[in-house]
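**Student:** Predicted model and sequence below, questions to follow.
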Amino acid sequence: MNWNGKKVMVFGTGISGMGAARLLEDVGAGVVLYDGNEKLDKAQIEAKLPKGSKAQVQIGDMPEELLQTFDAVIMSPGVPLDIPVAERAKDRGIPVWGEVELAYQVGRGSVLAITGTNGKTTTTALTGAIMRDYASSVFVVGNIGTPYTSVALETKEESFVVAEISSFQLETTETFAPKVSAILNITEDHLNRHHTMEEYIRVKELITANQRPEDVCVLNYEDEVLREFAGCMKPSPCFFSSVRKLDRGIYLDGDRIVLKTDKEEISVVKTQELQLLGQHNYENVMAAVAIAYHAGVPVESIRKSICAFTAVEHRIEFVTEKNGVRYYNDSKGTNPDAAIKGVQAMNRPTLLIGGGYDKNSSYEDWIRSFEGKVRYLVLIGQTREKIERAAHACGFTDTILAKDLEEAVKICAQKANPGDAVLLSPACASWGQFDNYEQRGNMFKEYVHTL
């Protein structure tokens, strides 16, 4: 779409909404920034707009006569698509897109896009590091923290855009077409938004919808859903596996990560040369290697980059050791499957802090993964009683309810023995108590350092 002179509603007044509004004004569109929460302060929202902005702010109801004037609606990722204003726009034939679709239409360059239930942030950060070591114009964007809209106008034909894309963002794409995509895994998550597992899977698979046969999608061979999906998608599949050798793709062979093509077998790296630990991280490395290789990066350059890469913040991040107890921040473990990886990474008796916002997840598999490793489960947030009931039903009764994260840290410090670990890996989102998982992780670290 040529945005110059178009009138666009941007739904949502947070970081994504502000980024979309700024970009739209930069390309000549007229913007109405909208939020249905009538309790918001219009003057405070207007104060967040850039100096010289001509964007209008609409709070509360969206009048029909105003809605009919829009050429497009840009939704922030946190806003569900089935709310009445969005439905009314779609009924009138107004395109309803997200900020990723907007940025893609405005931007240039080759997009390397990563989705999946778990591992997205580490894989995106690692792919970004590989690409930055190789190319002069690289942007790492999306759910990792930098809105795609904030850099779209800086991109050039030779740029690489490495994008972490959530299911919320994929819902609102239409022409988005990565050169290389990756779906790392699909396990139960965000059912409060997508309602069914089938819909969640469908939305995740949208990352390939506009790819061409010459493009590539990197897939986890050990995920049955993705293995089946490979047979019906448009791009060429490239599998990775941490448990078996593959005829083509990338796999873990003992302590070696091996890339096998039609022509050769390349030993990329030994796991002991990496600074990332655990099988789940070896899977992230394999995915990043595959993405970068199919983006044209030489294997030797990839090897140097992955050996230098360290873990991202909030993902099984070592905080400190106090009185012989090691503290780990895995605030990024926002669903049970991710939290299982956190527990599996611990190599000592562990006091585990869990709980938070309820995304309608089930917690039995997470609790079964404790396998004698977890000494106490200290629970906080909206889900604490729900998780405690699930734990007791599974036979794990060493649970403690805490009023908040600060109290949970103090309880763990009191009950931990020298040689133990304290792990924040909540298996839940942070909302309700915290703005995001980063704030939760930072508060955990602050509470630990002040013990």
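**Tutor:** That came through, no problem.
**Student:** okay, CA-based contacts and neighbour counts for the rest of this
**Tutor:** Noted.
**Student:** How far off centre is stretch 374-385?
**Tutor:** 24 Å (CA atoms, centre = their mean, to the nearest Å).
**Student:** Run through who's touching that stretch.
**Tutor:** If you take CA atoms under 8 Å, 6 or more residues apart in numbering as the criterion, stretch 374-385 is touched by 349-358, 387-388, 398-405, 408, 411-412, 432-433.
**Student:** could you dump it to CSV, C-alpha only?
**Tutor:** C-alpha atoms of stretch 374-385 as CSV (Å, rounded to 0.1, in the frame of the first residue of the first chain):
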residue,chain,number,x,y,z
VAL,A,374,13.1,-29.8,43.1
ARG,A,375,13.1,-29.6,46.9
TYR,A,376,10.4,-26.9,47.3
LEU,A,377,8.0,-25.2,44.9
VAL,A,378,7.3,-21.7,46.1
LEU,A,379,4.3,-20.2,44.3
ILE,A,380,3.1,-16.6,43.7
GLY,A,381,0.6,-14.8,41.6
GLN,A,382,-2.9,-15.6,40.2
THR,A,383,-2.1,-19.2,39.5
ARG,A,384,-0.5,-20.2,42.8
GLU,A,385,-3.5,-22.2,44.2
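**Student:** mind listing what's buried in that stretch?
**Tutor:** Going by neighbour count (16 or more other CA atoms under 10 Å), the buried part of stretch 374-385 is 374, 375, 376, 377, 378, 379, 380, 381, 382, 383, 384.
**Student:** repeat for stretch 387-402
**Tutor:** 387, 388, 389, 390, 391, 396, 399, 400, 401, 402.
**Student:** Could you provide these in CSV, with additional columns for distance to residue 81?
**Tutor:** What follows is the buried residues of stretch 387-402, written out as CSV (distance: CA to CA, whole Å):
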residue, distance to residue 81
387, 29
388, 33
389, 33
390, 32
391, 34
396, 39
399, 38
400, 38
401, 36
402, 35
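**Student:** I'd like those written out as TSV, with pLDDT added.
**Tutor:** Shown next, in TSV, are the buried residues of stretch 387-402 (pLDDT from 0 to 100):
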residue	pLDDT
387	98
388	98
389	97
390	97
391	97
396	97
399	98
400	98
401	98
402	98
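**Student:** and of these, the nearest to residue 181?
**Tutor:** Residue 181 has its nearest neighbour among those in residue 387, at 34.9 Å by CA to CA.
**Student:** picking that back up, go through the contacts of stretch 374-385 and flag which are in helices.
**Tutor:** Using DSSP state H, the members of the contacts of stretch 374-385 that fall in helices are 387, 388, 405, 408, 411, 412.
**Student:** my guess is the second one contacts residue 399, does it?
**Tutor:** Yes: the pair residue 388 and residue 399 qualifies as a contact (CA atoms under 8 Å) at a distance of 6.6 Å.
**Student:** Walk me through the domains of the chain.
**Tutor:** Here the chain is described, according to automatic domain parsing, as comprising the domains 7-94, 101-308, 317-449.
**Student:** Flag the shaky bits of the stretch 151-300 of the chain, pLDDT-wise.
**Tutor:** For the stretch 151-300 of the chain, the stretches with pLDDT under 70 are 188-195.
**Student:** quick one: the helices in it?
**Tutor:** Listed in chain order, the helices of the stretch 151-300 of the chain (DSSP state H, counting those that start in this stretch) span 167-170, 191-194, 197-205, 224-229, 279-294, 299-308.
**Student:** Take these and lay them out in a markdown table including distance to residue 343 and mean neighbour count.
**Tutor:** Formatted as a markdown table, the helices of the stretch 151-300 of the chain follow (distance: least, CA to CA, whole Å; neighbours: other CA atoms under 10 Å):
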| stretch | distance to residue 343 | mean neighbour count |
| --- | --- | --- |
| helix 167-170 | 25 | 23 |
| helix 191-194 | 23 | 16 |
| helix 197-205 | 24 | 17 |
| helix 224-229 | 23 | 14 |
| helix 279-294 | 12 | 23 |
| helix 299-308 | 24 | 17 |
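**Student:** what's the closest of those to residue 242?
**Tutor:** Of the helices of the stretch 151-300 of the chain, the one closest to residue 242 (CA to CA) turns out to be helix 279-294, at 6.3 Å.
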